[in-house]
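In: below are the sequence and a predicted model for it; my questions follow.
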Amino acid sequence: MISLGRTRAELLAEIDAPNLPGDPLSDLTDLHAASEDAYVRVCGRARDELFPLLKIALSERFAAAPRLQVIRDLLLPLRNILGNAYKHGNGCDPAKVISVEIVLTAKGALIAVTDEGSGFDVALTFRRFQGQESYFANHGVGFRNLHRAISMVSYENGGRTVLLCFRPTIQNHDRALNSQALPKVLGAEWSQKRLSAEVPEFGKDGAKIESYRVYPARGRAGDDCGNRYVLRLAGRNGRPAETRILTGRLHPTEAAAASDFEAATKLHDARISIKLRIPRPVALLAVEPRLVLYDFDPWMNLCEFFTHHGRIKTLRRIAKLVGLGIAKLHCSQVGLRGAELDFVGEELQTMVVRSENYLQTRPCGPDLVNRFHVAAQRIDSLAPFDRQRILAPIHGALGWDCIHYGVDGRFYLYRFETCRWSDPGLDLGGFAADLLCFTLATYNEEAYRICLDAFLREYNSEAAHPMDKKDLLPYIALVLVERLRRTEASAKGDPGQLLAALDAVLAVSPSVPERAGPH
């Protein structure tokens, strides 16, 4: 929320930091910034240079706070402020600097972002914003985004400095999260040695890792994407030093890691889509074959992205983007783990029987079970008429938690251990199932219809075997029951939401096509 009357001293008092705690740290990766009262000052030339490390460090600092609160009230406003400082304050001049001061306490953070521009009339601009007048090139989008946050936002220094005061719901952040000893495979010293020894790009041409910091994915603010590895590479051949951020997935088994790395490598090298990208796998370390490292820094999964950017227009646009990307994947002919036609049919039949048996144990009534049975029959009945459709390279576990918005502003497909040749309806049903759950909870069935139509239209424009909406319904129902079963087993998610979506998608069950007679 923008409140122009708030001063830096007042905002510091709100987080119990009436006085700045001495000289600032210049290194945001300093361990003091993770768990103690700290004052940090960093500088950079652009948002894309500053935000990735700020996002990681602040997410670790407030690991005990709810993730959606950290995104909405800290990270989104901060990214917006940094973008405005570069674009409007410094006029996109790479010679000008953006300064970021951060005061961290147990009660929150005060962040001051200062540019080298000429400033602006904050009071006049804010009055125009409140009066819904047009001003600036983007009609006040920046003010609207900042005013939407719960955090307090103010200005000083003639508009050249923006103050952002973040106070998480859980104020006494759990310092134990940051003091726990890391397993050896996650430790900085061990990982640095292994990267230098096993990954060519970190050991060739005199390359040297100057510093290394591991940010474990844990706490309520964790994104479940894996640990972040922040590397500072010494400059070579006259080039400046470079900061790299890797994401590491530690799989439960070596086989899962090998499948993830192999499929990701093949899909990345195939460059199947520029709209829905594949992150580059960096290494599958020999000394820890369960760990896959990616040159990738995700920020929000698709559900989180839509929670904060969830206008129907945006939802429809991204649905089209994903539809085209999935079509490119299914047409790619990438050599993933194969499956015989009979095996694919057996796999689907096993899923159907398992889902029907599970539904019969739920207190949902025989009507829902019968409607699911009729819908599931369509999958089996279609197979003899269109056998080739059920063979395509698929992601295999596609959902909104597998599609991520990176700090670079691009969308990525992630988690590849279940990639295989199988029925493309499983991927389409996975995306549509999450689309249905989200739109029913946030909008209505009309929004779902609009976005699903856009998704399928874009998919069918490139797919070798287009998918009819009526044919897709059984796959959506199958995916919803599978997720309902897993949700109940793990006690994560909302079974009520999944049941409501299942009831909605089965409201008009597709008819079962008659089998063709002998020719």
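Out: Done, it's in.
In: what is the neighbour count of the residue nearest to Leu472 when sequence neighbours are not counted?
Out: What sits nearest to Leu472 in space, not counting adjacent residues and going by CB to CB, 6 or more residues apart in numbering, is Leu428, at 5.7 Å. Every residue, glycine included, has its C-beta placed from N, CA and C. A count of neighbours around Leu428, defined by other CB atoms under 10 Å, yields 27.
In: Leu428: which element?
Out: Element membership for Leu428, per DSSP states H and E: helix 425-442.
In: Ala507 now?
Out: Residue-wise, Ala507 maps onto no helix or strand under DSSP H and E.
In: which residues touch the residue nearest to Leu472?
Out: Shown in contact with Leu428 (CB atoms under 8 Å, 6 or more residues apart in numbering): 326, 456, 459, 467, 472, 475.
In: need those residues in JSON lines (columns: distance to His309, neighbour count and secondary structure).
Out: Shown next, in JSON lines, are the contacts of Leu428 (distance: CB to CB, whole Å; neighbours: other CB atoms under 10 Å; DSSP: H, G, I helix; E, B strand; the rest coil):
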{"residue": "Ile326", "distance to His309": "20", "neighbour count": "29", "secondary structure": "helix"}
{"residue": "Leu456", "distance to His309": "22", "neighbour count": "21", "secondary structure": "helix"}
{"residue": "Tyr459", "distance to His309": "22", "neighbour count": "26", "secondary structure": "helix"}
{"residue": "Met467", "distance to His309": "27", "neighbour count": "21", "secondary structure": "coil"}
{"residue": "Leu472", "distance to His309": "25", "neighbour count": "20", "secondary structure": "helix"}
{"residue": "Tyr475", "distance to His309": "27", "neighbour count": "26", "secondary structure": "helix"}
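In: go through those residues and name the one nearest Thr7.
Out: Nearest to Thr7 among these: Ile326, at 51.0 Å, using CB to CB.
In: these two touch, right, Ile403 and Glu304?
Out: No. Under the criterion of CB atoms under 8 Å, Ile403 makes no contact with Glu304, lying 10.6 Å away.
In: more neighbours, these two?
Out: Ile403 (27 against 19).
In: just list whatever residues bridge to that one.
Out: Per DSSP bridges, residues listed as beta-bridge partners of Ile403: Leu413.
In: distance from the chain centre to stretch 476-489, please.
Out: Per CA atoms, centre = their mean, to the nearest Å, the displacement of stretch 476-489 from the mean C-alpha position of its chain is 22 Å.
In: any idea how far the residue nearest to Leu472 is from Leu398?
Out: From Leu428 across to Leu398, the span is 8 Å (CB to CB, to the nearest Å).
In: list residues touching both of the two?
Out: Residues touching both Leu428 and Leu398 by CB under 8 Å, 6+ apart: Ile326.
In: can you say which helix or strand has Ala221 in it?
Out: Here Ala221 sits in a region with no helix or strand, counting by DSSP H and E.
In: Three-state assignment for Arg41, please.
Out: Following DSSP: H, G, I helix; E, B strand; the rest coil, Arg41 is assigned to strand.
In: what's the closest non-adjacent residue to it?
Out: Pro24 (3.8 Å).
In: what count of nearby residues applies to that neighbour?
Out: Neighbours of Pro24 (other CB under 10 Å): 14.
In: what's the local residue count around Pro366?
Out: Neighbours of Pro366 (other CB under 10 Å): 10.
In: for it, phi and psi?
Out: Dihedral pair for Pro366: phi -70, psi -30, per degrees, to the nearest 10.
In: quick one: contacts for the residue nearest to Arg41?
Out: Contacts of Pro24 (CB under 8 Å, 6+ apart): 39-41, 101.
In: how far away is Asp260 from Ala376?
Out: Distance from Asp260 to Ala376, by CB to CB: 30 Å.
In: and which of the contacts of Leu428 is nearest Pro366?
Out: Nearest to Pro366 among the contacts of Leu428 is Tyr475, at 22.7 Å by CB to CB.
In: can you pull the buried residues of the strand or helix carrying Gln377?
Out: According to DSSP H and E, Gln377 maps onto helix 366-382. Going by neighbour count (16 or more other CB atoms under 10 Å), the buried part of helix 366-382 is 368-369, 371-372, 375-379, 382.
In: in CSV: those residues, plus distance to Lys55 and pLDDT.
Out: CSV is the format used below for the buried residues of helix 366-382 (distance: CB to CB, whole Å; pLDDT from 0 to 100):
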residue, distance to Lys55, pLDDT
Leu368, 43, 90
Val369, 45, 88
Arg371, 44, 91
Phe372, 42, 92
Ala375, 42, 88
Ala376, 43, 85
Gln377, 48, 84
Arg378, 45, 81
Ile379, 42, 78
Leu382, 45, 62
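In: out of the contacts of Pro24, which end up buried?
Out: Listed as buried from these are 39-40, 101; burial here means 16+ other CB under 10 Å.
In: in CSV: those, plus pLDDT and distance to Glu242.
Out: Shown next, in CSV, are those (pLDDT from 0 to 100; distance: CB to CB, whole Å):
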residue, pLDDT, distance to Glu242
Tyr39, 94, 26
Val40, 95, 21
Glu101, 97, 24
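In: which one of these sits closest to Tyr155?
Out: Of the buried ones among the contacts of Pro24, the one sitting nearest to Tyr155 (CB to CB) turns out to be Glu101, at 14.5 Å.
In: surely Arg220 and Arg67 touch.
Out: Yes. Contact status for Arg220 versus Arg67: in contact at 5.9 Å, counting by CB under 8 Å.
In: tell me, how many residues neighbour Val153?
Out: Neighbourhood size, Val153 [other CB under 10 Å]: 22.
In: so what touches the strand or helix carrying it?
Out: Using DSSP H and E, Val153 sits within strand 152-156. Under the criterion CB under 8 Å, 6+ apart, residues 1-8, 11, 14, 77, 122, 146-147, 161-165 lie in contact with strand 152-156.
In: now the angle from the helix holding Gln377 to helix 425-442?
Out: Orientation check (axes from the mean of the first three to the mean of the last three CA atoms, to 10 degrees): helix 366-382 against helix 425-442 gives 150 degrees.
In: counting contacts, what elements does helix 366-382 pack onto?
Out: helix 341-361, helix 469-490, helix 495-505 (3 or more CB pairs under 8 Å, 6 or more residues apart in numbering; DSSP states H and E).
In: strand partners (parallel or antiparallel) of the very next helix or strand once past the strand holding Val153?
Out: Per DSSP H and E, strand 152-156 leads on to strand 161-166 as the next helix or strand towards the C-terminus. Using DSSP bridges, the strands paired with strand 161-166 are strand 108-114 (antiparallel), strand 152-156 (antiparallel).
In: can you show me the CA trace of the shortest one as CSV?
Out: This file holds the C-alpha atoms of strand 152-156, laid out as CSV (Å, rounded to 0.1, in the frame of the first residue of the first chain):
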residue,chain,number,x,y,z
MET,A,152,3.9,-0.2,3.2
VAL,A,153,5.5,1.8,0.3
SER,A,154,6.7,5.4,0.5
TYR,A,155,9.1,7.7,-1.3
GLU,A,156,11.9,10.1,-0.4
